[in-house]
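J.: Sequence and predicted structure are below.
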Amino acid sequence: MITHEAIRDLTAALYDWSLRAVPEDALAGIRAARETETSEVARSTLTMMLNSAERAASNKGYVCSDNGVPVYFVKYGTRCGFTGDVKAAIREGFDALVQRIDPPLLKHVTNPLTNERSYHGKDMPLISFDVVDSDTIDIICQPKALGSGRWAALEIFTFPSLEEIEEYVMRCVLAAGSQHCPPVVIGVGIGGTFDQAAKLAKNSTLRHIGSTNPEPVLAAMEERLTRAVNATGFGPMGTGGDTTALAVHIDYSAGHGFTPVAVCFNCWINRRTQARIHADGRVERVE
Amino acid sequence: MRTHHLQLPLTKADVAELRAGDLVTLSGEIAITAGLPTHQRIREAIAGERDLPFPLAGGTLFHLGSYSEDTPEGLRVRYMNPTTSTRFNAYMPDFIRALDLRLVGGKGGLDDASAKAMQETGCAYLSFLGGGCQLLSAAIESVSAVGWDDLVAHYRLVKLRVRSLGPLTVGIDSHGDSLYSKLRGDAEARLPELMAMLARDRAGS
């Protein structure tokens, strides 16, 4: 039986873990980029990124001081046997962590009506749910900070061609320019409705770097957009080079002819941790 | 790639040596803040409506956010990291001129109005590694001064003594060269070419 305490404790641990380590696939992407990067300054910046990640892991310190706002993705298995209030357990886990985490977090949670900053607020932490047919609960934590979060965009097109969609992605990349802590992972959502496209884009940033899109049209689009984004020349930290994106990940949903296209970015740290609670209460770190 | 190991404070002649794309490390005293309220107060100080807690003239003003704690020995900075400088585009040209700053910095650059002010006064912009919390914080030797204690800690104006902070990349130099402006201009100019490249790839896939 999955307990309230198990979800609460895992929620706290996931946020803590995500602040102190860079996921392996992002590190591998940066290492690979360093091999082919032609700019000396860019190679030096990529090396600093790897050093920063390594030092954060060995010091158990934060990689970035912008702890961001906590965002959780929950895959809730209908056969998991949990009967309590999942949202309350997650909220409690986050609140408990804020009280005890060391070093303490900066107050980034902002009331948009007053600009007052704290750790708490309406709908915080942000949680989205997916109901799946399993006997586990999977939770992913992806703290979202201003540096890359600021540059997300969405536009609604009418029966767009692939060319129009790709041009829009490129325009979003140009608008972000040097400011979103590149090399970034770019998430693109096409279709569905306004909210669905945004969700697709966001979920796409969770996909592992190096994975291939099962939809051949999108797999090809991801490859050519990655090439085009890297040909812009913004480079690591936007001071020039060949490595502006580690990956472009795209997903789509069927919708009406009005087609929203959403684009969002993850900075090079690519914060993401995931764990699974099994029906017997066992907790497994998935990555 | 040239690397300069600089001891602060700098003269205009020192800054003139720096070229966009060079790397630098800094030792000495730096002023940091990541707060909009702090920038509003600095603007009021320049207008003569309040005093600066310590002089900034001829020095640095970096957009570095920090987590600090009040201890019996004074403020302790636990960690710091850059924030997006373009948030402060509206303030920086006036600050650069009025305070005669030698170095400004953070991440992501500043706009052309700031670059112009920097060229007039002899100032350079330094790019800090976003996500460089551990490397950057390790350079902190001590807290020299803290201004505006009534603000929450990370909005205060803090003067730090640092050793070998960096390497940092010169993003904008005092000769009017801005990597940010150049890279954006180049990318915009290349967009038709990049769209043609995408079209070729699409046709071939």
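T.: That came in fine, so what should we check first?

J.: so which strand or helix has the closest residue to residue A:77 other than its chain neighbours?
T.: Spatial nearest neighbour of residue A:77, excluding adjacent residues (CB to CB, 6 or more residues apart in numbering or on different chains): residue A:134 at 3.5 Å. C-beta coordinates here come from the backbone N, C-alpha and C atoms, glycine included. Assigned by DSSP states H and E, residue A:134 falls within no helix or strand.

J.: repeat for residue A:259
T.: Per DSSP H and E: residue A:259 is located in strand A:258-266.

J.: For residue A:262, list the residues it contacts.
T.: Going by CB atoms under 8 Å, 6 or more residues apart in numbering or on different chains, residue A:262 touches A:152-154, A:187-189, A:197-198, A:200-202.

J.: Among those, which are located in helices?
T.: Members of these lying in helices (criterion: DSSP state H): A:197-198, A:200-202.

J.: Now list the buried members of these.
T.: Listed as buried from the ones in helices among the contacts of residue A:262 are A:197-198, A:200-202; burial here means 16 or more other CB atoms under 10 Å in any protein chain shown.

J.: Other residues contacting stretch A:27-42?
T.: Stretch A:27-42 is contacted from outside by A:43, A:46-47, A:49-50, A:53, A:183, A:209-210, A:235-236, A:239-243, A:246-247, A:268, B:1, B:21, B:23, B:169, using CB under 8 Å, 6+ apart.

J.: Residue A:257 is in contact with residue A:158, correct?
T.: Yes. With contact defined as CB atoms under 8 Å, residue A:158 counts as touching residue A:257 (6.0 Å).

J.: Let's check: the centremost residue of chain B is which one?
T.: Nearest to the mean C-alpha position of chain B, counting by CA atoms, centre = their mean, stands residue B:105 at 1.0 Å.

J.: now the helices for chain B?
T.: In chain B, helices defined by DSSP H lie at B:12-16, B:36-46, B:92-98, B:112-121, B:133-137, B:179-204, listed in chain order.

J.: picking up where we left off before, which of the residues in the strand holding residue A:259 are buried?
T.: For strand A:258-266, burial by neighbour count (16+ other CB under 10 Å) applies to A:259-266.

J.: and if you look at stretch A:17-29?
T.: By 16+ other CB under 10 Å, the buried positions in stretch A:17-29 come out as A:17-23, A:25-27, A:29.

J.: Can you give me the neighbour number for residue 10?
T.: As the question left the chain open, I've gone with chain A. For residue A:10, the neighbour count with other CB atoms under 10 Å in any protein chain shown is 22.

J.: Wait, chain B was what I had in mind.
T.: If you count neighbours by other CB under 10 Å, residue B:10 ends up with 24.

J.: Same check on the one 3 residues further on?
T.: Applying other CB under 10 Å, we find 8 residues neighbouring residue B:13.

J.: Helix, strand, or coil at the spatially closest residue to residue B:135 that is not a sequence neighbour?
T.: Counting by CB to CB, 6+ apart, residue B:135 lies nearest to residue A:52, which is 5.1 Å off, once chain neighbours are set aside. Secondary structure, DSSP: H, G, I helix; E, B strand; the rest coil: residue A:52 is helix.

J.: All set, thanks.
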